[in-house]
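S.K.: The following comprises the amino acid sequence and a computationally predicted model.
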Amino acid sequence: MKTDQKMTLHRLGALLLALAMTFALAGCGGSEPFDAAGYVDASMKLVTTGDSKALEAYKGDAVVETTEDYDAELEDMVKSVTGSMELSDSNLTLVKDLVKELLGSASYKVGEATEQDDGSFEVPLTIKPLQLNIADAVTKWIKTLDADKINDMDALYGEIFQMMKDAVAKKEYGAEKSYTLTVAKNDDGLYDVTGDGLDTIGEDLFTTDLDDLMG
(Lines give C-alpha, C1' and ligand atoms only; values in the text may rest on other atoms or scores of the structure.)
Protein backbone atom coordinates (compact mmCIF):
# COMPACT_ATOMS: atom_id res chain seq x y z
CA MET A 1 0.00 0.00 0.00
CA LYS A 2 2.75 2.36 0.93
CA THR A 3 4.47 1.55 -2.35
CA ASP A 4 1.31 2.42 -4.26
CA GLN A 5 1.02 5.70 -2.38
CA LYS A 6 4.61 6.58 -3.20
CA MET A 7 4.06 5.81 -6.88
CA THR A 8 0.90 7.90 -6.87
CA LEU A 9 2.74 10.79 -5.23
CA HIS A 10 5.58 10.50 -7.74
CA ARG A 11 3.14 10.50 -10.64
CA LEU A 12 1.26 13.44 -9.15
CA GLY A 13 4.51 15.28 -8.65
CA ALA A 14 5.58 14.54 -12.21
CA LEU A 15 2.20 15.74 -13.47
CA LEU A 16 2.43 18.97 -11.48
CA LEU A 17 5.99 19.53 -12.75
CA ALA A 18 4.85 18.95 -16.33
CA LEU A 19 1.98 21.39 -15.88
CA ALA A 20 4.28 23.97 -14.32
CA MET A 21 6.70 23.66 -17.25
CA THR A 22 3.82 23.96 -19.71
CA PHE A 23 2.63 27.20 -18.15
CA ALA A 24 6.17 28.53 -17.97
CA LEU A 25 6.75 27.81 -21.64
CA ALA A 26 3.42 29.40 -22.54
CA GLY A 27 4.46 32.52 -20.67
CA CYS A 28 7.83 32.66 -22.41
CA GLY A 29 6.22 32.14 -25.79
CA GLY A 30 4.32 35.46 -25.62
CA SER A 31 6.84 37.67 -27.38
CA GLU A 32 6.92 41.42 -26.94
CA PRO A 33 5.45 43.52 -29.81
CA PHE A 34 7.93 44.82 -32.35
CA ASP A 35 9.41 48.16 -31.26
CA ALA A 36 8.17 50.10 -34.30
CA ALA A 37 8.81 53.51 -32.74
CA GLY A 38 12.39 52.57 -31.91
CA TYR A 39 12.86 51.27 -35.43
CA VAL A 40 11.60 54.52 -36.97
CA ASP A 41 13.80 56.55 -34.62
CA ALA A 42 16.86 54.45 -35.52
CA SER A 43 16.04 54.79 -39.23
CA MET A 44 15.75 58.57 -38.91
CA LYS A 45 19.09 58.64 -37.11
CA LEU A 46 20.70 56.88 -40.06
CA VAL A 47 18.98 59.14 -42.60
CA THR A 48 20.06 62.32 -40.84
CA THR A 49 23.49 61.45 -39.44
CA GLY A 50 24.70 58.25 -41.11
CA ASP A 51 24.90 56.49 -37.73
CA SER A 52 23.61 52.92 -38.19
CA LYS A 53 24.44 51.49 -34.73
CA ALA A 54 20.92 51.83 -33.32
CA LEU A 55 19.41 50.34 -36.49
CA GLU A 56 21.64 47.26 -36.38
CA ALA A 57 19.72 46.05 -33.32
CA TYR A 58 16.72 45.37 -35.61
CA LYS A 59 18.64 43.15 -38.01
CA GLY A 60 16.71 39.96 -38.68
CA ASP A 61 13.38 41.53 -37.72
CA ALA A 62 13.28 44.55 -40.02
CA VAL A 63 14.82 46.07 -43.12
CA VAL A 64 18.15 47.49 -41.98
CA GLU A 65 20.13 49.90 -44.09
CA THR A 66 23.77 50.70 -43.41
CA THR A 67 26.17 53.60 -43.33
CA GLU A 68 27.14 52.63 -46.88
CA ASP A 69 23.51 53.20 -47.92
CA TYR A 70 23.64 56.63 -46.28
CA ASP A 71 26.85 57.46 -48.16
CA ALA A 72 25.23 56.44 -51.46
CA GLU A 73 22.17 58.61 -50.73
CA LEU A 74 24.48 61.47 -49.82
CA GLU A 75 26.27 61.20 -53.16
CA ASP A 76 22.93 61.18 -54.98
CA MET A 77 21.85 64.32 -53.14
CA VAL A 78 25.12 66.05 -53.99
CA LYS A 79 24.63 65.17 -57.65
CA SER A 80 21.07 66.49 -57.57
CA VAL A 81 22.33 69.78 -56.11
CA THR A 82 25.24 70.23 -58.48
CA GLY A 83 23.54 68.93 -61.64
CA SER A 84 25.60 69.90 -64.67
CA MET A 85 27.67 72.47 -62.76
CA GLU A 86 31.40 72.29 -63.32
CA LEU A 87 32.76 72.71 -59.82
CA SER A 88 36.22 72.71 -58.34
CA ASP A 89 37.13 70.05 -55.80
CA SER A 90 36.85 72.61 -53.01
CA ASN A 91 33.30 73.50 -54.03
CA LEU A 92 32.33 69.83 -54.34
CA THR A 93 33.55 69.33 -50.78
CA LEU A 94 31.61 72.43 -49.75
CA VAL A 95 28.40 71.02 -51.26
CA LYS A 96 28.91 67.64 -49.58
CA ASP A 97 29.46 69.31 -46.22
CA LEU A 98 26.38 71.46 -46.84
CA VAL A 99 24.16 68.45 -47.51
CA LYS A 100 25.50 66.61 -44.44
CA GLU A 101 24.86 69.65 -42.26
CA LEU A 102 21.36 70.03 -43.69
CA LEU A 103 20.49 66.46 -42.80
CA GLY A 104 22.28 66.57 -39.46
CA SER A 105 20.34 69.67 -38.40
CA ALA A 106 16.98 67.91 -38.78
CA SER A 107 14.59 68.49 -35.88
CA TYR A 108 12.20 65.59 -35.36
CA LYS A 109 10.43 63.61 -32.65
CA VAL A 110 9.08 60.06 -32.85
CA GLY A 111 5.90 59.31 -30.90
CA GLU A 112 4.54 56.09 -29.42
CA ALA A 113 3.63 53.34 -31.88
CA THR A 114 0.12 51.93 -32.06
CA GLU A 115 -0.37 48.33 -33.18
CA GLN A 116 -3.15 47.80 -35.73
CA ASP A 117 -5.51 44.87 -36.15
CA ASP A 118 -3.54 43.61 -39.17
CA GLY A 119 -0.29 43.46 -37.17
CA SER A 120 1.15 46.65 -38.63
CA PHE A 121 2.05 49.72 -36.57
CA GLU A 122 1.27 53.40 -36.92
CA VAL A 123 4.07 55.65 -35.71
CA PRO A 124 3.53 59.42 -35.29
CA LEU A 125 6.40 61.68 -36.27
CA THR A 126 6.73 65.45 -35.98
CA ILE A 127 9.23 67.60 -37.82
CA LYS A 128 10.24 71.23 -37.58
CA PRO A 129 11.64 72.02 -41.04
CA LEU A 130 14.96 73.82 -41.08
CA GLN A 131 14.48 77.19 -42.77
CA LEU A 132 17.19 78.45 -45.10
CA ASN A 133 16.41 82.14 -45.12
CA ILE A 134 18.91 83.44 -47.66
CA ALA A 135 16.77 85.60 -49.96
CA ASP A 136 17.91 88.86 -48.34
CA ALA A 137 21.56 87.80 -48.42
CA VAL A 138 21.29 86.78 -52.08
CA THR A 139 19.61 90.08 -52.99
CA LYS A 140 22.44 92.07 -51.40
CA TRP A 141 25.05 89.78 -52.93
CA ILE A 142 23.67 90.20 -56.45
CA LYS A 143 24.13 93.97 -56.18
CA THR A 144 27.86 93.48 -55.58
CA LEU A 145 28.45 91.44 -58.73
CA ASP A 146 30.47 92.89 -61.58
CA ALA A 147 31.54 91.52 -64.96
CA ASP A 148 34.63 89.78 -63.57
CA LYS A 149 32.68 87.99 -60.85
CA ILE A 150 29.93 86.94 -63.22
CA ASN A 151 32.46 85.28 -65.51
CA ASP A 152 33.84 83.16 -62.67
CA MET A 153 30.97 80.69 -62.25
CA ASP A 154 32.82 78.40 -59.87
CA ALA A 155 33.41 81.30 -57.50
CA LEU A 156 29.77 82.33 -57.76
CA TYR A 157 28.58 78.83 -56.90
CA GLY A 158 30.98 78.74 -53.98
CA GLU A 159 29.57 81.97 -52.54
CA ILE A 160 25.98 80.72 -52.89
CA PHE A 161 26.79 77.41 -51.19
CA GLN A 162 28.55 79.26 -48.40
CA MET A 163 25.48 81.46 -47.86
CA MET A 164 23.42 78.32 -47.54
CA LYS A 165 25.87 76.85 -45.01
CA ASP A 166 25.66 80.07 -43.00
CA ALA A 167 21.86 79.79 -43.04
CA VAL A 168 22.03 76.19 -41.80
CA ALA A 169 24.29 77.26 -38.93
CA LYS A 170 21.59 79.69 -37.69
CA LYS A 171 19.27 76.72 -37.07
CA GLU A 172 16.01 78.57 -37.72
CA TYR A 173 13.00 76.25 -37.85
CA GLY A 174 9.51 76.57 -39.24
CA ALA A 175 6.15 75.43 -37.89
CA GLU A 176 5.93 71.83 -36.75
CA LYS A 177 4.50 69.31 -39.21
CA SER A 178 2.90 66.01 -38.22
CA TYR A 179 3.11 62.70 -40.06
CA THR A 180 1.99 59.14 -39.47
CA LEU A 181 4.26 56.38 -40.70
CA THR A 182 3.11 52.81 -41.19
CA VAL A 183 5.50 50.02 -40.27
CA ALA A 184 4.49 46.60 -41.59
CA LYS A 185 6.05 43.33 -42.71
CA ASN A 186 7.11 43.09 -46.34
CA ASP A 187 7.05 39.99 -48.58
CA ASP A 188 10.23 38.75 -46.90
CA GLY A 189 8.61 38.88 -43.46
CA LEU A 190 10.69 41.88 -42.36
CA TYR A 191 9.25 45.06 -40.90
CA ASP A 192 9.69 48.16 -43.04
CA VAL A 193 8.27 51.67 -43.39
CA THR A 194 5.62 51.34 -46.09
CA GLY A 195 4.73 53.73 -48.90
CA ASP A 196 6.87 56.78 -49.59
CA GLY A 197 7.51 56.95 -45.86
CA LEU A 198 10.90 58.33 -44.98
CA ASP A 199 11.52 59.59 -48.54
CA THR A 200 8.59 62.01 -48.32
CA ILE A 201 9.66 63.18 -44.88
CA GLY A 202 13.22 63.67 -46.10
CA GLU A 203 11.97 66.17 -48.64
CA ASP A 204 10.29 68.17 -45.87
CA LEU A 205 13.28 68.42 -43.54
CA PHE A 206 14.14 71.90 -44.79
CA THR A 207 12.69 74.81 -46.75
CA THR A 208 14.11 77.94 -48.39
CA ASP A 209 12.73 81.39 -49.03
CA LEU A 210 14.35 81.58 -52.47
CA ASP A 211 10.97 80.87 -54.07
CA ASP A 212 9.76 84.21 -52.69
CA LEU A 213 12.75 85.89 -54.31
CA MET A 214 12.11 84.24 -57.68
CA GLY A 215 8.35 84.85 -57.53
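M.R.: Everything's here; your move.

S.K.: who's in contact with the host helix or strand of Ala155?
M.R.: In the assignment (DSSP states H and E), Ala155 maps to helix 153-170. With contact meaning C-beta atoms under 8 Å, 6 or more residues apart in numbering, helix 153-170 is reached by 85-88, 90-91, 94-95, 97-98, 101-102, 105, 130-134, 137-138, 141, 145, 149-150. For every residue, glycine as well, the C-beta is placed using N, CA and C.

S.K.: Mind doing that once more with 6 Å?
M.R.: Helix 153-170 has contacts (C-beta atoms under 6 Å, 6 or more residues apart in numbering) with Met85, Ser88, Asn91, Leu94, Val95, Leu98, Glu101, Leu102, Ser105, Leu132, Ile134, Ala137.

S.K.: Of those, which belong to strands?
M.R.: Helix and strand membership here follows DSSP state E; of the contacts of helix 153-170, those in strands are Leu132.

S.K.: buried set for the helix holding Ala155?
M.R.: Using 16 or more other C-beta atoms under 10 Å as the test for burial, helix 153-170 gives Tyr157, Gly158, Glu159, Ile160, Phe161, Met164, Lys165, Ala167, Val168.

S.K.: Turn these into JSON lines, including pLDDT and distance to Lys109.
M.R.: Written out in JSON lines, the entries for the buried residues of helix 153-170 read as follows (pLDDT from 0 to 100; distance: C-beta to C-beta, whole Å):
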{"residue": "Tyr157", "pLDDT": "89", "distance to Lys109": "35"}
{"residue": "Gly158", "pLDDT": "91", "distance to Lys109": "35"}
{"residue": "Glu159", "pLDDT": "90", "distance to Lys109": "35"}
{"residue": "Ile160", "pLDDT": "88", "distance to Lys109": "32"}
{"residue": "Phe161", "pLDDT": "90", "distance to Lys109": "29"}
{"residue": "Met164", "pLDDT": "90", "distance to Lys109": "25"}
{"residue": "Lys165", "pLDDT": "92", "distance to Lys109": "25"}
{"residue": "Ala167", "pLDDT": "92", "distance to Lys109": "23"}
{"residue": "Val168", "pLDDT": "93", "distance to Lys109": "20"}
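
S.K.: and which of those is nearest Ala36?
M.R.: The nearest member of these to Ala36, counting by C-beta to C-beta, is Val168 at 30.6 Å.

S.K.: so the residue nearest to the spatial centre of the chain is in which element?
M.R.: Computing the C-alpha centroid of the chain and ranking residues by C-alpha atoms, centre = their mean puts Met44 first, at 1.7 Å. In the assignment (DSSP H and E), Met44 maps to helix 36-49.

S.K.: Identify the residues contacting that helix?
M.R.: Helix 36-49 has contacts (C-beta under 6 Å, 6+ apart) with 51-52, 54-55, 58, 62, 70, 103-104, 106, 108, 110, 112-113, 121, 123, 181, 183, 198.

S.K.: and the closest residue in space to Glu65 that isn't next to it in sequence, how many neighbours?
M.R.: Of all residues not flanking Glu65 in the chain, Leu46 sits nearest, at 6.0 Å (C-beta to C-beta, 6 or more residues apart in numbering). Residues lying near Leu46 (other C-beta atoms under 10 Å) number 22.

S.K.: Many thanks, I have nothing further to ask.
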